[in-house]
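In: using only what follows, build the 3D model:
(chains A and B)
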2 protein chains.
Amino acid sequence: MNIKLATGESIPAAAGENILSALKKSGIYLVASCGGKGTCGKCRIKIHSGEYRTSASGKLSQADKKKGIVLACQTFPENDISVEILEEARLVVGDRIALAKSKDLSELFRSFDKEITPIVKRLNIKLPPPTIEDHISDLERLNRELEMKGIKGMRFSRTFISSMADDLRKHNWEIHLAYVDGHEAIFVTSDKQTSRYGIAVDVGTTTIVVYLIDLSDGKLVDVGSTYNSQIRYGDDVITRILHATEGNGLEELRETVTDDINSITDTIIEKHGINKEHIECAVISGNTAMSHIFWGLDPEHIREEPYIPTVNSFPLWKAGTARLHINKQAPVYTLPCVASYVGGDIVSGLLASKMHRNHEIALFMDIGTNGEIAIGNNEWLMTAACSAGPCFEGSGIKHGMRATEGAIEAVKIAADTFEPSVSVIGNTTPTGICGSGMIDAISEMFLSGVIDQKGKFVREIKTDYLREGDEGMEFVVYKGAKDIVLTEVDIENIMRAKAAIYAGISSLIKEIGFSLDNIERVYIAGGFGNYLNIDRAVIIGMLPDIPKEKFRFLGNTSVAGAYLCLLSEKLREEAEDIARKMTYMELSVSRNFMDEYMSALFLPHTDMALFPTVEKLMK
Amino acid sequence: MNIKLATGESIPAAAGENILSALKKSGIYLVASCGGKGTCGKCRIKIHSGEYRTSASGKLSQADKKKGIVLACQTFPENDISVEILEEARLVVGDRIALAKSKDLSELFRSFDKEITPIVKRLNIKLPPPTIEDHISDLERLNRELEMKGIKGMRFSRTFISSMADDLRKHNWEIHLAYVDGHEAIFVTSDKQTSRYGIAVDVGTTTIVVYLIDLSDGKLVDVGSTYNSQIRYGDDVITRILHATEGNGLEELRETVTDDINSITDTIIEKHGINKEHIECAVISGNTAMSHIFWGLDPEHIREEPYIPTVNSFPLWKAGTARLHINKQAPVYTLPCVASYVGGDIVSGLLASKMHRNHEIALFMDIGTNGEIAIGNNEWLMTAACSAGPCFEGSGIKHGMRATEGAIEAVKIAADTFEPSVSVIGNTTPTGICGSGMIDAISEMFLSGVIDQKGKFVREIKTDYLREGDEGMEFVVYKGAKDIVLTEVDIENIMRAKAAIYAGISSLIKEIGFSLDNIERVYIAGGFGNYLNIDRAVIIGMLPDIPKEKFRFLGNTSVAGAYLCLLSEKLREEAEDIARKMTYMELSVSRNFMDEYMSALFLPHTDMALFPTVEKLMK
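Out: Below you'll find the model as predicted:
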């Protein structure tokens, strides 16, 4: 029997084998926090055709069932079957996902620091075994030795002590004491154990990425990613915050995100045969709301004026508290946040960009679900959030999707026939259009005259590609079994997003009394950044008209910064320093920002003098 | 309808009302950790006669059901019913239980210290509310204020922070910060809240006692006690430790003891309308095994040579970790232990006795389930455990019971007729015999010639009271509907226990090169101590033949010491100091102890010269 996937792949399935298990054998992983018991309701797939048996699940709604949605772990094909993996259920492990720029992460690390200094330190201790005469308790015995080594005031949790007695005996009183600075004992292990791992986690509003790192050499063991399953409670940060304030919402959101991280981690450690107890630290990087929700802290005050987070600089709490499936005692370092809408992911990004170390004035932009910017150098840093919304991630766009397999990532429109030609990620039949595709399409439609400066369709143009659809006028970007279109409403949404980004940049630059000429470098971060065509982004007026050679793409700097912090005390200090140094500007109450935003609601801008390159192209 | 109790009391019950609820209305409390939902299986009663409806419960064994045992919360009388409350289900609240010597506890406290210095300290803080300009996070705002007050490095748990944001706003940024020394923040409360409570808990092997104390004046709000429900897993410490090492045994024991403490606390706070969040600290006093089990620490190494506890001096952990039903953040102070068989209850006892402050040489004895002794003064302290076993608590004695209502506490035997006369606690029909009754009975039997110096019945004596029973010869202490007897096996057990106690005292005294004459004071602690007749205890050779005026009864010093530690930092330091200063002598490996024990297996002793008072009586 075969399982045919929407991507065209065909996977064998044995008789009596469930779909989750068959997919796993072929290296296709689904989110399955319960491990395939049918209780978490996460491995959702849609059956397009074929015969199958499936068990009823309370985790599926009537509407789901009508659509043919089932749980992969509870569904058994009875002959060839055609299946679509729902986006939120997809978990990607290994090289199928986009990594940070440098795949050899240890090389990236060495460009920052020379020595690996993990969060958990170790102390080699040899204790005299107890006798009838020397009968002090295990803890006093350990403390006596620590005092002889000049270490006083070590703190011991109940969890530490509950396993200590057996561990001391198991390792014959010759141990490594794992502890964190500020003197808290973490666990006792054999002095022979050398496997030490850590995880660096990017908790994105849309995507979760986990790096599993070998702490001995800083090398990447493996990487996994999945959509943030919180998406089911809303695409953007504000909807999530609203959900958190309702009933059991906060707990639901918290459980969802830790389940996602645990699903990835479980899958990686199973694949590599790693003992989860040997994962002894974690670093979390996320925006302020995501960081709060991850720790189960109510994010409601983030949303309400004057927009106050509960914590910016998080204490070092434990993996057990965070409910991560690693050593319960492992310390979890959270990248510090700056303000309600500039979080640890941005601090992480600045760290990875090194702009805080250089004298040149740089502009840092993370165009993810939100849209944060920072300007500065080794002396000062300014930051702001421009609430661009999640449309570049595919949300609120009729055929929008993330930049994954099947997404249209580039578009060209023939000047005479208006016929579009597209490139698709993975070179397959397109299933939607991602952010870079949208920017391409709009710039091409604008230059070819399909839309005007206000982003409205030019009705006079006669072409089959411009037509009346269910939701008004639409442009067909791809003609096929399933047409991919951009509607006028889609274009409005994209215009608002690009205007917010541009207005953010220009307000911030004006605030500090600079002009665009002062910017010596532009860093573009975020998964989106990997596919962005700068020329096109300038044409639509999303990016300022700055010489192309000043731009650098950095990829996912949130996870890269988390990775760096996992390995280096110095870099954790630099991260704290970046967060402290950053001056936050609240754009939502800025008159200047509103003016800039209104002026930017044109293609490329009401003030064409700001876009000489585009002006030339239009002639 | 009426519920008639075994004690003779009659309680009204409304139609459709369960027995648990009817008893509660009459001030009779049962252990019911689940609150009467039928799930904890603890409110066990035995129905002697009458009609009733009861729901099946998985918590009752077939054997239980055959005996007519039901759960009070699931049982509804249909007409008058006769009921026996099983010992382990009885929870006593209020003045029905024996308190420490001084009922006015605050007077006791004032004899030790002048000022109340609770574990949780408070800091009055007024924060400027956040604005768009002053938009730092809540935690940074709090920290900024603390730094201005010169307090640095305060630690914050996730639990603290998860409620902090709302609490700050609820109290309008004018708060009390509750914290513990070593700078850990505990909770935020209104600067108006003045109700502050704490609990002092004696975790005895047989009994649990909880004092609820008003921290403002040190006064006792109420007291409650119950049997330690762990009794179902064995009477003595060793059986419990063995149970802890089997399967889920440790967790079962831990849950059982915390359930008991919570049942008492819940009952008291309900009775007095106290908010459990206002109970902000707890002190636990128990022997080493009980303290370990309370914290979920495996006690197995306590039992095996060289008898090593995991911890003697416990860190300050939280009520949430301990699973106590009080403020989750409340610090829990555990009285320090000295060795595997000399625990926090003895340190607590020494503290309450003040012997560590005085120059006179004192002997301290706690004759509870185990039997611990200490000798010393303000300069030195020696201690040992003599494993007397739990027979004075009623265990291993045919009609043995604890010193509660219905227990024979004193016995006289007529010299000519051998007819016994008894006094019974509560002046009711006796249901058993408690420790002091046993000592009385044996001394009387010995003096009247019913038993010889070896504790064997003198077969030549002709009286109806000495007869052949199911388990061999027995003496009828009380004749009634239910005879109360002491068998020859009972007497052997009591002989072994008294010999262990005497041998412990004499070994310790010899070890330090003293004689009995050097002892200036004898303190007797333990619930048992309340009813002990010293003359009789000397006659059987349990206590040394020391002038009666040197003896002092102290009652339950374990809970008294816990109470003192709840109120005073100085006394918590003194407790730590006592534990550090005490030299522990391991009697189980002492040749000297075995010799002393063998010599003490006679009435009163093989060496009559040691008991001049008794020798005189025998003439």
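
In: how about chain A, which residue sits the furthest from its center?
Out: residue A:133 (57.7 Å; Cα atoms, centre = their mean).

In: assign it to helix, strand or coil.
Out: coil (DSSP: H, G, I helix; E, B strand; the rest coil).

In: swap in residue A:73?
Out: helix.

In: repeat for the one 3 residues further on
Out: Three-state secondary structure (criterion: three-state DSSP) places residue A:76 in strand.

In: now the residue lying closest to it once chain neighbours are set aside: which helix or strand?
Out: With Cβ to Cβ, 6 or more residues apart in numbering or on different chains as the criterion, residue A:76 has its nearest non-adjacent residue at 4.7 Å, and that residue is residue A:53. Just so you know, the C-beta spots here come from the backbone N, C-alpha and C atoms, and that holds for glycine as well. Assigned by DSSP states H and E, residue A:53 belongs to strand A:52-54.

In: check which helix or strand the nearest residue to residue A:139 once chain neighbours are set aside maps to.
Out: Of all residues not flanking residue A:139 in the chain, residue B:311 sits nearest, at 4.5 Å (Cβ to Cβ, 6+ apart). Following DSSP H and E, one finds residue B:311 outside all helices and strands.

In: might one say that residue B:311 is in contact with residue A:142?
Out: No: at 10.1 Å, residue B:311 does not count as touching residue A:142 under the criterion of Cβ atoms under 8 Å.

In: can you give me the helices for the stretch 201-350 of chain A?
Out: For the stretch 201-350 of chain A, the helices defined by DSSP state H, counting those that start in this stretch cover A:237-244, A:249-272, A:288-294, A:300-303, A:319-322, A:344-353.

In: TSV for these, including mean pLDDT and distance to residue B:74?
Out: Putting the helices of the stretch 201-350 of chain A into TSV (pLDDT from 0 to 100; distance: least, Cβ to Cβ, whole Å) gives the following:
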stretch	mean pLDDT	distance to residue B:74
helix A:237-244	92	40
helix A:249-272	93	32
helix A:288-294	98	42
helix A:300-303	95	43
helix A:319-322	97	37
helix A:344-353	97	53
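
In: wait, which of the ones you listed is closest to residue B:610?
Out: Residue B:610 lies closest to helix A:319-322 among the helices of the stretch 201-350 of chain A, at 57.9 Å (Cβ to Cβ).

In: buried set for that closest one?
Out: Going by neighbour count (16 or more other Cβ atoms under 10 Å in any protein chain shown), the buried part of helix A:319-322 is A:319, A:322.

In: that older thread, need the pLDDT of the residue farthest from the centre of chain A.
Out: On the pLDDT scale, residue A:133 is placed at 90.

In: repeat that for residue A:97.
Out: In this prediction, residue A:97 has a pLDDT value of 47.

In: then the one 4 residues further on?
Out: At residue A:101 the predicted local distance difference test score is 42.

In: how about residue A:528?
Out: 65.

In: how close does the nearest residue to residue A:569 once chain neighbours are set aside get to chain B?
Out: When the adjacent residues along the chain are set aside, residue A:569 lies closest to residue A:117, with 4.1 Å between them (Cβ to Cβ, 6+ apart). According to Cβ to the nearest Cβ, to the nearest Å, residue A:117 stands 21 Å off from chain B.

In: which strand or helix spans residue A:117?
Out: Using DSSP H and E, no helix or strand contains residue A:117.

In: surely it and residue A:573 touch.
Out: No: counting by Cβ under 8 Å, residue A:117 stays clear of residue A:573, with 10.3 Å between them.

In: just checking: what are the partner strands of the worst-scoring helix or strand of chain A on mean pLDDT?
Out: In chain A, the helix or strand scored least confidently by mean pLDDT, DSSP states H and E is strand A:90-93, which has a mean of 74. Under the criterion DSSP bridges, strand A:90-93 sits next to strand A:29-30 (antiparallel), strand A:220-227 (antiparallel) in its sheet.

In: and those strands, which one averages the lowest pLDDT?
Out: Note on the strands paired with strand A:90-93: lowest mean pLDDT is at strand A:29-30, with a mean of 82.

In: pLDDT weak spots in chain A?
Out: Applying pLDDT under 70 to chain A flags residues A:33, A:88, A:93-103, A:527-530.

In: just give me the residue right at the centre of it.
Out: Centre-most residue of chain A, counting by Cα atoms, centre = their mean: residue A:204, 3.1 Å.

In: work out for me the element the closest residue to chain B within the stretch 151-300 of chain A sits within.
Out: When scored by Cβ to the nearest Cβ, the stretch 151-300 of chain A has residue A:165 as its residue closest to chain B, at 4.3 Å. Per DSSP H and E, residue A:165 falls inside helix A:158-170.

In: quick one: that helix to chain centroid distance?
Out: 37 Å (Cα atoms, centre = their mean, to the nearest Å).

In: now do that helix: everything it contacts.
Out: Contacts to helix A:158-170, defined as Cβ atoms under 8 Å, 6 or more residues apart in numbering or on different chains, come from residues A:127, A:138-139, A:142, A:156, A:175, A:185-190, A:318, A:320, A:328-329, B:295-298, B:301, B:310-311, B:315, B:317, B:321.

In: that one relative to helix B:249-272, how many degrees between them?
Out: 160 degrees (axes from the mean of the first three to the mean of the last three Cα atoms, to 10 degrees).

In: got the domain ranges for chain A?
Out: The record, using automatic domain parsing to delimit domains, assigns chain A the ranges A:2-85, A:105-111+A:198-334, A:120-190, A:346-388+A:500-618, A:391-493.

In: turn those into a markdown table, columns for distance to residue B:337.
Out: Formatted as a markdown table, the domains of chain A follow (distance: least, Cβ to Cβ, whole Å):
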| stretch | distance to residue B:337 |
| --- | --- |
| domain A:2-85 | 42 |
| domain A:105-111+A:198-334 | 24 |
| domain A:120-190 | 8 |
| domain A:346-388+A:500-618 | 38 |
| domain A:391-493 | 58 |
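
In: so residue A:318 touches residue A:334, yeah?
Out: No: using Cβ under 8 Å, residue A:318 is not in contact with residue A:334, being 12.0 Å away.

In: more crowded one of the two?
Out: In this comparison of residue A:318 against residue A:334, neighbours counted by other Cβ atoms under 10 Å in any protein chain shown, the higher total goes to residue A:334 at 28 against 22.

In: returning to what we had before: so which of the strands paired with strand A:90-93 is the most packed in?
Out: strand A:29-30 (a mean of 26; mean count of other Cβ atoms under 10 Å in any protein chain shown).

In: please pull up the helix or strand immediately following it.
Out: Note on strand A:29-30: by DSSP H and E, the next helix or strand toward the C-terminus is strand A:44-49.
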